[in-house]
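Undergrad: I would like to see how this sequence folds:
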Amino acid sequence: MLVLGGEKTIDEWEKRGLTITDETLQAAYEVFNDAFRDSVKNKTNGFGFNRHQIVANSQPVPEWFLVEQEAELAAMENKDVRDAFMAGKLYYSTSNNSPATDTYRRIYNA
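TA: Predicted coordinates for the structure are as follows:
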C-alpha cells in the first residue's frame, strides 16, 4: 500500500468513490519489487513511485483522479522525476541525498 501513498491516501480515494482493486494492489507490489531489484542492481538507495499511473494502468479511474495526477506532477520540483513520470515511468530510483528524494518526502509526507 505504501507504493500508492499509504492507507490514508487510499482511504481518501475511497471516500471520493475510487476503490482500489486487488489487481491494482498486485500491480503496486510488482512495481515495488521492480524498483527494489533496480535499486540493488544499480546501487541506489531510494526510489519514488508514480502512484497515480500505477492505479490508472491497472483499473478504470474517474476524471478527478487524472486531474489530481496532473496537479501532483506539476508540483514536482525535480525535472528528471517529473519528466519520467509524465512519460509513464512507474518509479524513479534516486540516492537518499538527492533533490528527487527530498521532493518525494515533501509530497508523500504532506
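Undergrad: where along this structure do the strands fall?
TA: Using DSSP state E, the strands found in the chain span residues 46-49, 91-94.
Undergrad: Using CSV, please lay out those strands together with mean neighbour count and mean pLDDT.
TA: In this view, the C-beta of every residue, glycine as well, is placed from N, C-alpha and C. As requested, the strands of the chain are exported to CSV (neighbours: other Cβ atoms under 10 Å; pLDDT from 0 to 100):
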stretch, mean neighbour count, mean pLDDT
strand 46-49, 20, 88
strand 91-94, 22, 89
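Undergrad: Could you point out which of those sits nearest T19?
TA: Within the strands of the chain, the stretch nearest T19 is strand 46-49; the backing value is 19.5 Å (Cβ to Cβ).
Undergrad: What strands line up against the closest one, and which way round?
TA: Under the criterion DSSP bridges, strand 46-49 sits next to strand 91-94 (antiparallel) in its sheet.
Undergrad: Name all residues that make contact with the spatially closest residue to I10 that is not a sequence neighbour.
TA: Of all residues not flanking I10 in the chain, I20 sits nearest, at 5.5 Å (Cβ to Cβ, 6 or more residues apart in numbering). For I20, the contact set (Cβ atoms under 8 Å, 6 or more residues apart in numbering) comprises L4, I10, W13, E14, V55, Q59.
Undergrad: Could you list which residues are in contact with the fourth one?
TA: Looking back up the chat, that one is E14. I20.
Undergrad: Just the pLDDT for it.
TA: Note for E14: predicted pLDDT of 97.
Undergrad: do T101 as well
TA: At T101, pLDDT is 50.
Undergrad: quick one: the nearest residue in space to R82 that is not next to it in sequence from N50, how far?
TA: In this structure, R82 finds its nearest non-sequential neighbour in M76, 4.1 Å apart by Cβ to Cβ, 6+ apart. Distance from M76 to N50, counting by Cβ to Cβ, to the nearest Å: 10 Å.
Undergrad: so the residue nearest to R82 touches F85, yeah?
TA: Yes: the criterion here is Cβ atoms under 8 Å, and M76 meets it with F85 at 7.3 Å.
Undergrad: picking that back up, in helices only, show me the contacts of I20.
TA: Within the contacts of I20, residues falling in helices by DSSP state H are I10, W13, E14, V55.
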